[in-house]
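Novice: Model the following, please.
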Amino acid sequence: MRAVIFDIDDTLYPYDVCDKKGMNELYAAFLEYKEMSRSEFDLLVSQAKKAVKLRTGNTAASHNRMLYVQAMCELRGIFSPEKCIRLYNSYWDAFLDNMRLYDGAIELLEKLKTMGVAIGFCTDLTVHIQMRKLVKLGISHIPNAVVTSEECGFEKPDKSMFITMLEKLHASPSEAIMVGDSIEKDMEGAANCGIYPVLFGKKSDKYEYAENFEALYKILEGICR
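Specialist: The predicted model follows:
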């Protein structure tokens with residue numbers, strides 16, 4: 001094993017908890033400009049996301065919260081760049097403040113580093129916010145490489161993301177392992193490139209899986225042997 005590639009969201013930390021905090025703060029901030037119930041707000045968010053995804057397709061931009069809040073403001077007739085920045089920051093400040101690594105994550109990552117294993121983070125979404133996440137989680141010293149769907153122009157399971165990561169880590173597919181929480185994006189995407197996939201946080205009849213980082217370490221240790 002020369003390299004281990006990790007997904008970020010819901011693999012290194014729980015995404016939904018942070019997203020909920022972010023959305024609560026975004027709602028509070030939006031009320032400063034337009035009064036509405038939470039159900040009306042949730043419907044507006046859904047409409048904005050649909051509009052953005054319709055324009056951007058299967059690209060990193062389809063997740064861009066700045067585009068979401070821009071569309072929200074436009075739909076409600078309150079658009080201004082200042083409002084968009086305020087709303088965008090309200091979401092991400094709350095999201096980042098509530099990020100916590102899963103138990104055992106940092107210990108495993110640092111063990112791999114001391115073993116001389118190259119570590120990559122392969123993730124959808126835009127590079128700027130994913131870099132901010134790594135800094136906030138205190139693991140910016142860990143990766144030898146980061147690959148985002150913004151860089152590649154396509155999202156997982158597109159092969160370009162995995163191929164780019166292997167090139168950056170100077171590893172062949174047979175020398176790499178992919179760890180992620182999505183069967184479609186991480187497991188199938190990696191397997192289609194010849195990378196050994198390990199599902200994290202879920203059980204599977206098709207792929208080897210680890211429900212936590214202690215179990216993941218045992219799997220990786222066994223592969224090393």
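Novice: what's the following helix or strand after the longest helix that the chain contains?
Specialist: The residue-count maximum for a helix in the chain (DSSP state H) belongs to helix 38-56. Later in the chain than helix 38-56, the nearest helix or strand by DSSP states H and E is helix 65-76.
Novice: For stretch 178-187, what is the distance to the chain centroid?
Specialist: 11 Å (Cα atoms, centre = their mean, to the nearest Å).
Novice: do stretch 51-71 as well
Specialist: On Cα atoms, centre = their mean, the centre of stretch 51-71 falls 16 Å from that of its chain.
Novice: Report how many residues lie close to the closest residue to Leu134 other than its chain neighbours.
Specialist: Nearest non-adjacent residue to Leu134, counting by Cβ to Cβ, 6 or more residues apart in numbering: Ser140, 4.9 Å away. Backbone N, C-alpha and C define where each C-beta goes, glycine included. Applying other Cβ atoms under 10 Å, we find 13 residues neighbouring Ser140.
Novice: Ser140 belongs to a helix?
Specialist: No. Ser140 sits outside any helix when classified using DSSP: H, G, I helix; E, B strand; the rest coil, being coil.
Novice: other SSEs contacting the helix or strand bottoming out on mean pLDDT in the chain?
Specialist: Here the helix or strand of the chain ranked lowest by mean pLDDT, DSSP states H and E is helix 213-224, holding a mean of 90. Other helices and strands packing on helix 213-224, by 3 or more Cβ pairs under 8 Å, 6 or more residues apart in numbering; DSSP states H and E, are helix 105-114, strand 176-180, strand 196-200, strand 208-210.
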